[in-house]
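[1] no sequence for this one, just the structure:
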């Protein structure tokens, strides 16, 4: 983890940009973190359409770090500002065309599968590398939490036992292989759903919530579209991690 | 409001039993409540099957009062330990018989309608009388919150503009007239659903959540049966009231 810039924020948070091989990332750590009192780590993913520099993501990361967590985000392979594969570009173009043409739902599904399936699989190694490197930093210990991109989180929590709790957002389009895996998850989950998120069909998100194998799973649904999540959900999410990581 | 007994609890809460005409009730007030700093009032109903002395209800009331609210509960007409109408007894017997015989869902619905419809309508005047009397007590001011029994809460919030926020539990069987009214509600709502509550079909509860007219409405769903609500939901409920009543 090679730090390329750092900024000390007003709320006692150190924000550092880093590179880790090809992976660009940002790490937030609270002043309270020290070798004698390491803080838990939260992996804050974002879905492929947003870069890690997205202001809402940064605001969430700062707020979570201020609750006593180290927070890390990256642009994984194929995501954010990283180069997109030719296949992903093709699938995005197909998706636009199919939606404009009003093609049937199962055709749209197929294109989503072709886009999101490989994107998740390609992103996983970068996130696991980042998890290891972040835990090697002084002042950062386990356990590890995960938040945001549902499809990626299902895969990561399946393969990585150090992840002890996860918050998932939306979850309307999740590749088939990840929906199958959802039944195997056993860690505590908080799933956040926007009731009128047109890009994430409600019924599918509810079916996914139903499928998770975890004994402790909570769904929070709020009125409004994809970007309309109320601010108090961020606080609820931090409290959820507080129950399971501290 | 004639107080018949009082008990000072360890956490600085005064718990008083009262009668108000025919209505037996319990009022919890925090020590912090005073004429110069009145606390908001929360009406904590319970569904007709439980008396106001139910230990879980009392524990919830104490915990909410400790967050700086006056909390009142009653056995309304036909509810809890109050005499049941002959029609309600008949409907309860019909319900048991119909369920044992595995009668079709629409027959079960009809019996629920015959039982719950009048029960709600008869309970409303007692709750409104209680609201007025509680607000007349020193140290108790507005605004007013409501929590628990969904069907009753829809009716109360429709007719009583002093109720500014409501928490609803379950909501699988709500009389037709109340489901219609749900669309007219505009106050902030927190609806709490147990995902595997066999007595409260999930789809109906989700449809009801969808129907509420409120711009701020949040659904919390947790795994488990009717009495399996996790403890942290009580804290979430108190924070919900904190956002809207304080």
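    That came in fine, so what should we check first? Model, not experiment: these values are computed from the prediction.

[2] following the longest helix along chain A, which helix or strand comes up?
    Longest helix in chain A by number of residues (criterion: DSSP state H): helix A:105-135. The helix or strand immediately downstream of helix A:105-135 is strand A:140-149, counting by DSSP states H and E.

[3] if we can go back for a sec, now find how far off-centre the longest helix of chain A is within its chain.
    Here helix A:105-135 is found 11 Å from its chain centre; the criterion is CA atoms, centre = their mean, to the nearest Å.

[4] give me the buried positions along it.
    Judged by neighbour count (16 or more other CB atoms under 10 Å in any protein chain shown), helix A:105-135 contains these buried residues: A:108, A:111-124, A:126-127, A:129-131, A:133-135. Heads up, the C-betas are built off the backbone N, CA and C, glycines and all.

[5] before we move on, what about stretch A:67-76?
    In stretch A:67-76, counting by 16+ other CB under 10 Å, buried: A:67-76.

[6] same for the longest helix of chain A, what does it pack against?
    For helix A:105-135, the packing partners by 3 or more CB pairs under 8 Å, 6 or more residues apart in numbering or on different chains; DSSP states H and E come out as strand A:13-20, strand A:23-30, strand A:39-44, strand A:70-74, helix A:86-100, strand A:140-149, helix A:150-159, helix A:176-182.

[7] tell me which residues of the last one come out buried.
    What it means is helix A:176-182. Buried residues in helix A:176-182 (16+ other CB under 10 Å): A:178-179, A:181-182.

[8] which of the residues you listed sits closest to chain B?
    Relative to chain B, the closest of the buried residues of helix A:176-182 is residue A:182; by CB to the nearest CB it sits at 13.7 Å.

[9] any idea how far the closest one lies from residue B:118?
    Using CB to CB, to the nearest Å, one gets 44 Å for the distance from residue A:182 to residue B:118.

[10] in its sheet, what does the helix or strand residue A:191 falls within sit against?
    Here residue A:191, judged by DSSP H and E, is contained in strand A:189-194. Within its sheet, strand A:189-194 is paired with strand A:163-169 (parallel), strand A:217-222 (parallel), according to DSSP bridges.

[11] surely residue A:52 and residue A:74 touch.
    Yes: between residue A:52 and residue A:74 there is a contact under CB atoms under 8 Å: 6.2 Å.

[12] what touches both of the two?
    Contact criterion CB atoms under 8 Å, 6 or more residues apart in numbering or on different chains; residues shared by residue A:52 and residue A:74: A:24-26.

[13] return the closest of these with respect to chain B.
    Closest to chain B out of the shared contacts of residue A:52 and residue A:74 is residue A:26 (29.6 Å), distances taken as CB to the nearest CB.

[14] for the helices and strands packed on helix A:105-135, which one sits closest to chain B?
    Evaluated with CB to the nearest CB, these place helix A:176-182 nearest to chain B, the distance being 13.7 Å.

[15] averaged pLDDT, the closest one. What do you get?
    The average pLDDT for helix A:176-182 rounds to 95.

[16] so which elements touch that helix?
    Using 3+ CB pairs under 8 Å, 6+ apart: helix A:176-182 touches helix A:105-135, helix A:150-159, helix A:202-211.

[17] distance from it to the middle of the chain?
    16 Å.

[18] not counting it itself, show me its contacts.
    With CB under 8 Å, 6+ apart, helix A:176-182 has contacts from A:113, A:117, A:120, A:150-151, A:154-155, A:158, A:174, A:208, A:211-213.

[19] could you do stretch A:18-31 as well?
    With CB under 8 Å, 6+ apart as the test, stretch A:18-31 has contacts from A:1-4, A:12-17, A:39, A:52-53, A:58, A:61-62, A:64-66, A:68-77, A:81-82, A:126, A:129-130, A:133-134, A:137, A:139-140.

[20] try 7 Å
    Stretch A:18-31 is contacted by residues A:1-4, A:12-17, A:39, A:52, A:61-62, A:65-66, A:68, A:70-76, A:126, A:129-130, A:133-134, A:139-140 when judged by CB atoms under 7 Å, 6 or more residues apart in numbering or on different chains.
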